[in-house]
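S.K.: the sequence and its predicted three-dimensional model are supplied below.
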Amino acid sequence: MLDIKFIRENPDAVKENIKKKFQDARLPLVDEVIALDAQHRAAITEASDLRAKRNSLSKQIGMLMGQAKKDPSKLAEAEAVKAQVAANAARLAELEQSETELSAKIHEIMLQIPNIIDPSVPIGPDDSANVEVERFGEPLVPNFEIPYHTQIMESFDGVDMDAAGRVAGNGFYYLMGDIARLHSGVLAYARDFMIDKGFTYCIPPFMIHGNVVEGVMSQTDMDAMMYKIEGEDLYLIGTSEHSMIGKFIGQIIPEASLPQTLTSYSPCFRKEKGAHGIEERGVYRIHQFEKQEMIVVCRPEESMDWYEKMWRWSVELFRSLEIPVRQLECCSGDLADLKVKSCDIEAWSPRQQKYFEVCSCSNLGDAQARRLKMRVKGADGSMYLPHTLNNTVVAPPRMLIALLENHLQADGSVTVPEVLRPYVGGKALLVPKKG
């Protein structure tokens, strides 16, 4: 969310930003919200004048009523002033109602106007215009056929999609045995990896109130992702970023406590609307999964440095697991409304012979802070909005796909990267139970 003062003073820049995001249908919102803001400020000014006048007239009535005891003619004059106060009171009530209504309309529109993107963001309409920046590790294709990821898991008796379908429907799974252990091991390794980087480990609430949802994500993303608890003001989180940033709602953060660096574990719940191709079946795109996340709340001038560190840590983690990856810069049309800058880390799939997304690193500037009314109190007593960033450490279902494909051997066994072995009972090799 932008500052209304910024929109008022820079309408052309806001419109140009909307065009860069290929959201021309939203261009009229800028003029509309500026007009509503002018009405709102005029209503506030008039209401303030009426309140001041009411105080003055009330004193005048008191004085006239006192004079009326000696001079009855003053009584009529007092009644005339009372009539004016009554008329002003009716007008003040209208203005106060108008203020409330206008404020709600302005807020609704402000939630739809996208954040200003960083000048370094490549311009393009959708993810087809995302730009590969750098590759890390050599993408190899073995000289044997790699089965689909669920087939690899099934060879270990490690997944049961059919049973999950009977219990919960499509988009769910049972993980078992070595595959389940590998899943948990990846999460535990990612947790310790981030703790070693100086992050504080957190387990947050897995449900949040509607005002927190509105504070951390766009309405479009909310409708496409979030599950609402029927009859309650609670939503299941789509990622722990939602509740971790929500932790600071309405808070004044001492500047000395910045940066706040947190790594959080949570299950994630997503509607995942829309049809998806064969490569997004199995455990690739599902309604429930687990995830380790990294969150940073920092001073504005430090946010781009943190952004650089965060995506590089994702690369470091995947390379420590001997998985080739690349960094992909997200273009303007692929950025969610709150994001200033974002990149994806994609892992190499030997089976598909292409990369696929496993991490997403984002700098949201002060958008979430403004929505959630988060503030920082500086050493000099001044108040300002912090910047917030988030990045996936690992989301094991997709990580498992990358891990299994890149470590699969010709005989169907899977090698375990050295750093992961302490988390899977010291095993260096996982042997399938069936061919």
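M.R.: In hand now; what should we look at? Numbers count the residues shown, from 1 in each chain.
S.K.: strands of the stretch 101-250 of the chain, start to end?
M.R.: Here the stretch 101-250 of the chain has its strands, by DSSP state E, counting those that start in this stretch, at 131-136, 159-160, 174-175, 200-202, 207-208, 227-228, 235-236.
S.K.: nearest to residue 380, of the ones you listed?
M.R.: Using Cβ to Cβ as the measure, strand 200-202 is the one of the strands of the stretch 101-250 of the chain that comes nearest residue 380, at 27.2 Å. Yep, even glycine has a C-beta here, placed from its N, CA and C like the rest.
S.K.: now what about that closest one, what contacts it?
M.R.: For strand 200-202, contacts defined as Cβ atoms under 8 Å, 6 or more residues apart in numbering pick out 191, 194, 195, 240, 244, 261, 262, 263, 264, 265.
S.K.: swap in stretch 419-434?
M.R.: For stretch 419-434, contacts defined as Cβ under 8 Å, 6+ apart pick out 155-157, 177-178, 181-182, 184-186, 188-189, 320-321, 412-416, 418.
S.K.: what about it, how long is it end to end?
M.R.: In stretch 419-434, first residue to last residue: 27 Å (Cα to Cα, to the nearest Å).
S.K.: buried residues, that stretch. List them.
M.R.: 420, 423, 424, 427, 430, 432 (16 or more other Cβ atoms under 10 Å).
S.K.: how about those, which pair is most distant?
M.R.: Most distant of the buried residues of stretch 419-434, by Cβ to Cβ, are 423 and 432, 20.1 Å apart.
S.K.: which of the contacts of strand 200-202 ranks first by neighbour count?
M.R.: Among these, the one with the most neighbours (other Cβ atoms under 10 Å) is residue 240, at 28 neighbours.
S.K.: show me which of the contacts of stretch 419-434 are buried.
M.R.: So, by 16+ other Cβ under 10 Å, the buried ones in the contacts of stretch 419-434 are 155-156, 178, 181-182, 185-186, 188-189, 321, 412, 414-416.
S.K.: residue 337: which of the residues you listed is nearest?
M.R.: Within the buried ones among the contacts of stretch 419-434, proximity to residue 337 (Cβ to Cβ) peaks at residue 186, which comes in at 31.3 Å.
S.K.: so how far is residue 139 from the closest one?
M.R.: Look at residue 186 and residue 139: by Cβ to Cβ, to the nearest Å, they are 21 Å apart.
S.K.: list the contacts of the lowest-mean-pLDDT helix or strand in the chain.
M.R.: Of all helical and strand segments in the chain, the minimum by mean pLDDT, DSSP states H and E falls on helix 219-225, at a mean of 78. Here helix 219-225 makes contact (Cβ under 8 Å, 6+ apart) with 111, 112, 213, 214, 217, 238, 270, 271, 272, 273, 336, 337.
S.K.: pLDDT check: weakest of these?
M.R.: Lowest pLDDT of the contacts of helix 219-225: residue 273, 60.
S.K.: rewinding a little: out of the strands of the stretch 101-250 of the chain, which gets nearest to residue 9?
M.R.: Closest to residue 9 of the strands of the stretch 101-250 of the chain is strand 131-136 (Cβ to Cβ; 31.9 Å).
S.K.: return the list of helices and strands in contact with the closest one.
M.R.: Counting contacts by 3 or more Cβ pairs under 8 Å, 6 or more residues apart in numbering; DSSP states H and E, strand 131-136 is packed against helix 303-320, strand 325-329.
S.K.: make it 7 Å
M.R.: Applying 3 or more Cβ pairs under 7 Å, 6 or more residues apart in numbering; DSSP states H and E, we find strand 131-136 packed against strand 325-329.
S.K.: give me the distance from the least confident helix or strand of the chain to the chain's centre.
M.R.: Taking Cα atoms, centre = their mean, to the nearest Å, the mean C-alpha location of helix 219-225 is offset from the chain mean by 11 Å.
S.K.: how about it, which residues are buried there?
M.R.: 222, 225.
S.K.: and what of stretch 15-34?
M.R.: By neighbour count on 16+ other Cβ under 10 Å, the buried set for stretch 15-34 is 15, 17, 18, 20, 21, 22, 23, 26, 29, 30, 33, 34.
S.K.: keeping just the C-alphas, turn it into PDB.
M.R.: Output of stretch 15-34 as PDB, limited to C-alpha atoms (Å, rounded to 0.1, in the frame of the first residue of the first chain):
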ATOM      1  CA  LYS A  15       0.100   5.700 -13.200                       C
ATOM      2  CA  GLU A  16       3.400   4.900 -14.900                       C
ATOM      3  CA  ASN A  17       4.100   2.200 -12.400                       C
ATOM      4  CA  ILE A  18       0.700   0.700 -13.000                       C
ATOM      5  CA  LYS A  19       1.500   0.700 -16.800                       C
ATOM      6  CA  LYS A  20       4.800  -1.100 -16.100                       C
ATOM      7  CA  LYS A  21       2.900  -3.800 -14.300                       C
ATOM      8  CA  PHE A  22       0.500  -4.100 -17.300                       C
ATOM      9  CA  GLN A  23      -2.500  -3.300 -15.100                       C
ATOM     10  CA  ASP A  24      -4.000  -0.500 -17.200                       C
ATOM     11  CA  ALA A  25      -7.500  -1.300 -16.000                       C
ATOM     12  CA  ARG A  26      -6.400   0.100 -12.600                       C
ATOM     13  CA  LEU A  27      -5.300   3.500 -14.000                       C
ATOM     14  CA  PRO A  28      -8.700   5.200 -13.200                       C
ATOM     15  CA  LEU A  29      -8.200   4.300  -9.500                       C
ATOM     16  CA  VAL A  30      -5.500   6.900  -9.200                       C
ATOM     17  CA  ASP A  31      -7.700   9.900 -10.200                       C
ATOM     18  CA  GLU A  32     -10.700   8.400  -8.300                       C
ATOM     19  CA  VAL A  33      -8.800   8.100  -5.000                       C
ATOM     20  CA  ILE A  34      -7.300  11.600  -5.300                       C
END
